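Novice: Sequence first, then the predicted structure:
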Amino acid sequence: MKYLVELIGTFLFVATIGGAVLSPGDAGPLAPLAIGSALMVMIFAGGHVSGGHYNPAVTLAVFLRGRCDAKDVVPYIVSQVLGAAAAGALMVFLKQAGKPMENFDVTKALIAEFLYTFALCYVVLNVATAKATSGNSFYGLAIGFTVLCGAFSVGSISGGAFNPAVAVGITVMGLSPVANIWVYLVANFAGGAVAAFVFKAINPEDK
């Protein structure tokens, strides 16, 4: 399961890079903050399982240091490259030409909301409920910065709710049409549910 953690972490890290720097709706001078934050929260979330490399060069360095088994080196690198490639392809699709939020694309909004609600719930489960990270003092930082990553990356695509309650709030405030609220509800609850299944698959002994 540590290979899955490396794939997920690299995917979400690279997806944030793409979302923050690709136009339209890029994060401008704040892109480095979003990118660094994405790496930080993925290390918080997966470090206790895989070491949180998310980088073939780091895997090589840790192996040469003697802290990564030889049998894990190639699977780690393959997982990282696959995650990065998948993230790159997804962000090219999501960031296709068009002005941010001018024409709300339901398919892209569903994907964007699902992706970062999954990321948020994945981080919450790993830093705030896992036995291996029990008693840590960073869970609030990790959770808050996951939202920051999502807002910078896909806020221009979906509005960046990642939370059914927030979806209700932005609808009441008139920031999002009532007709679009189902997009948030479906994507957010689905992201949370998938995060729970993935957490349980990675941590089967953590009841």
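Specialist: Cool, the structure landed.
Novice: So which elements touch the biggest helix by length in the chain?
Specialist: Determined from DSSP state H, the single longest helix within the chain is helix 70-94. Applying 3 or more C-beta pairs under 8 Å, 6 or more residues apart in numbering; DSSP states H and E, one finds that helix 70-94 contacts helix 2-21, helix 56-65, helix 106-124. The way it works is simple: take the backbone N, C-alpha and C, and place the C-beta from them, glycine included.
Novice: Point out where this structure drops to low pLDDT.
Specialist: 97-102 (pLDDT under 70).
Novice: now the closest residue in space to Leu82 that isn't next to it in sequence: how far from Pro24?
Specialist: Spatial nearest neighbour of Leu82, excluding adjacent residues (C-beta to C-beta, 6 or more residues apart in numbering): Leu7 at 5.9 Å. Distance, Leu7 to Pro24, using C-beta to C-beta, to the nearest Å: 28 Å.
Novice: With neighbour numbers in mind, choose between these two.
Specialist: More crowded of Leu7 and Pro24, by other C-beta atoms under 10 Å: Leu7, with 23 against 14.
Novice: Just the buried positions in the longest helix of the chain, please.
Specialist: 72-73, 76-77, 79-80, 83-84, 87-88, 90-91, 94 (16 or more other C-beta atoms under 10 Å).
Novice: any idea how far it is from the chain center?
Specialist: Using C-alpha atoms, centre = their mean, to the nearest Å, the mean C-alpha position of helix 70-94 is found 14 Å from that of the whole chain.
Novice: measure the closest residue to Leu185 other than its chain neighbours to Trp182 for me?
Specialist: Leaving aside its chain neighbours, Leu185 sits nearest to Pro164 (5.4 Å; criterion: C-beta to C-beta, 6+ apart). Distance, Pro164 to Trp182, by C-beta to C-beta: 11 Å.
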